[in-house]
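J.: here's my sequence, what's the structure:
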Amino acid sequence: MRSKSEKEIFGKGEGNYIDKIIKENCQKMIPFIFEKLCGLQWTKREPLPDTKQQITREREPDFLHIIYNNDYPKGAVIHIEFETSDSPKMSRRMLEYVAILHLKTNKPVLQYVVYLGEGKAKMKRRIKWERLDYFFEVINIEDYSYREFLDSDYPEGVIFSLIANHDDISVSDLTELIIGRIVKNKEDKNANTKFINQLIMFARFRRLHNEVNSKIISMKETSYFDVNTDLFYLRGVEQGIEQGVERGKIIKDIQNIETCIALKFENAMIAKAMNIDLSFVKQIKKELLKKDRIAVELKKRDANVEVIAKKLKVHPLLVEVIQDELKKKSQN
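T.: I've put the predicted structure just below:
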């Protein structure tokens, strides 16, 4: 894992993480997406079967459904792509999708690109030459007020407020409203933490993280939330996944750091020797101070790595390393 600046760490990989958030949250937001963003009405809707199957040589579509209404009594495929960048190749990609989807379903295909970046997308949305005349809709998230999302019944929708049009509200005040809605909707702290993490990633995507993090830290509703620990989790695990770094590589790094600390190596020397982030070394060293407490938790009946990690505010893979050490010790 090479040492990287914060800008490099939260660059392209950050956009990929936003994609993952969207795909994870999308199902809960179907009514809002269809009605408010796409202007669709339906009498019946259902997922398109076999959506896991890759339909192009490059990637799967983001979101596929079939709706039935008066205009399409036999059904129409709804295809939605969520984009964090303004790609000049989008029209060609969408044309490939529409051809294959129509071939597979023999149904009309209605396509929408929801642009999550700042301002209005400039991507080409029409291809016209000779007998071909192809067009898809582009929806700019900033064309919608934050109020449209803030009133959502689901946290999945509420966090979209941050990347919608802020109108005349400050980032700090908007963050407070969003957190208030998340806490009101979900009393489970683990669920709240998940959505606050997602909010932080949205904030980094829009370069609003300083204001958002400061507000999260200052609010009594989020006194249990450790911004540094949770961001570290995202940087260590999710970044590793995005860059193709295997989970085992991160575990091996943690084991090597622990060994080097026992040998009294300096943090900078460890980072340089292992070619990893100095911040990663410092965080693991700090969390290793809780090793005895982690071991106590692991010895309890029905011990759960994720629960222990959240409870003690440590990296979940560090808990796994200590768990493995305990197993080996018990076998000797």
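
J.: quick one, domains of this structure?
T.: 38-143, 147-159+166-229, 251-331 (automatic domain parsing).

J.: with mean neighbour count and distance to Met29 as added columns, please give the ones you listed in TSV.
T.: Where you see a C-beta, it was placed from the backbone N, CA and C, and this is true even at glycine. Compiled in TSV, the domains of the chain are given as follows (neighbours: other CB atoms under 10 Å; distance: least, CB to CB, whole Å):
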stretch	mean neighbour count	distance to Met29
domain 38-143	15	10
domain 147-159+166-229	17	5
domain 251-331	16	25
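
J.: where does pLDDT dip in the stretch 101-250 of the chain?
T.: Counting by pLDDT under 70, the ranges of the stretch 101-250 of the chain that qualify are 185-187, 226-247.

J.: coming back round to it: distance to Glu24 added to the domains of the chain, as CSV?
T.: Formatted as CSV, these follow (distance: least, CB to CB, whole Å):
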stretch, distance to Glu24
domain 38-143, 12
domain 147-159+166-229, 8
domain 251-331, 16
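
J.: ok, which of these comes nearest Lys20?
T.: Proximity to Lys20 (CB to CB) singles out domain 147-159+166-229 among the domains of the chain, at 9.2 Å.

J.: now that closest one, how far from the centre of its chain.
T.: How far domain 147-159+166-229 lies from its chain's middle: 14 Å, per CA atoms, centre = their mean, to the nearest Å.

J.: hang on, Gly119 in a helix?
T.: No: if the criterion is DSSP: H, G, I helix; E, B strand; the rest coil, then Gly119 is coil and not within a helix.

J.: I'd guessed it sits against Asn140; true?
T.: Yes: between Gly119 and Asn140 there is a contact at 7.4 Å, judged by CB atoms under 8 Å.

J.: shared neighbours of the two, which are they?
T.: Between them, Gly119 and Asn140 share no contacting residue under CB atoms under 8 Å, 6 or more residues apart in numbering.

J.: the host helix or strand of Glu81: what's the following helix or strand?
T.: Element membership of Glu81, judged by DSSP states H and E, is strand 76-83. Where DSSP H and E defines the elements, the next helix or strand beyond strand 76-83 is helix 90-105.

J.: list the helices and strands the strand holding Glu81 packs on?
T.: The contact analysis (3 or more CB pairs under 8 Å, 6 or more residues apart in numbering; DSSP states H and E) places strand 76-83 against strand 63-68, helix 90-105, strand 109-115.

J.: repeat the analysis, applying 6 Å as the threshold.
T.: The contact analysis (3 or more CB pairs under 6 Å, 6 or more residues apart in numbering; DSSP states H and E) places strand 76-83 against strand 63-68, strand 109-115.

J.: quick one, helices of the stretch 101-250 of the chain?
T.: Taking DSSP state H, counting those that start in this stretch as the test, the helices found in the stretch 101-250 of the chain are 146-150, 155-158, 171-185, 189-205, 209-218, 227-233, 239-242, 247-262.

J.: can you lay out the ones you listed as TSV showing distance to Val109?
T.: Formatted as TSV, the helices of the stretch 101-250 of the chain follow (distance: least, CB to CB, whole Å):
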stretch	distance to Val109
helix 146-150	26
helix 155-158	25
helix 171-185	34
helix 189-205	29
helix 209-218	37
helix 227-233	39
helix 239-242	30
helix 247-262	38
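
J.: how far away from the center of its chain is the strand holding Glu81?
T.: 19 Å.

J.: list the neighbouring strands of it plus their orientation.
T.: strand 63-68 (antiparallel), strand 109-115 (parallel) (DSSP bridges).

J.: quick one, what contacts Ala121?
T.: Contact analysis of Ala121 by CB atoms under 6 Å, 6 or more residues apart in numbering lists Asp86, Tyr115, Val138, Asn140.

J.: out of these, which comes closest to Ile257?
T.: Nearest to Ile257 among the contacts of Ala121, with distances taken as CB to CB, is Asp86, at 40.1 Å.

J.: separation between that closest one and Arg125?
T.: Asp86 is 11 Å from Arg125, where distance means CB to CB, to the nearest Å.

J.: then Ile80?
T.: Separation of Ile80 from Arg125 (CB to CB): 14 Å.

J.: report the distance from stretch 302-314 to the chain centre.
T.: Using CA atoms, centre = their mean, the offset of stretch 302-314 from its chain centre is 21 Å.

J.: may I have that stretch as CSV, with CA atoms only?
T.: Below are the C-alpha coordinates for stretch 302-314, written out as CSV (Å, rounded to 0.1, in the frame of the first residue of the first chain):
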residue,chain,number,x,y,z
ASP,A,302,-21.0,-15.0,20.6
ALA,A,303,-18.2,-12.5,20.2
ASN,A,304,-18.7,-10.5,16.9
VAL,A,305,-15.7,-8.8,15.2
GLU,A,306,-17.7,-5.9,13.8
VAL,A,307,-19.6,-5.2,17.1
ILE,A,308,-16.3,-5.3,19.0
ALA,A,309,-14.6,-2.9,16.5
LYS,A,310,-17.5,-0.4,16.8
LYS,A,311,-17.7,-0.7,20.6
LEU,A,312,-13.9,-0.1,21.1
LYS,A,313,-13.5,2.2,18.1
VAL,A,314,-10.8,0.1,16.5
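
J.: so Glu46 sits in a helix?
T.: No: Glu46 is assigned strand when assessed by three-state DSSP, not a helix.
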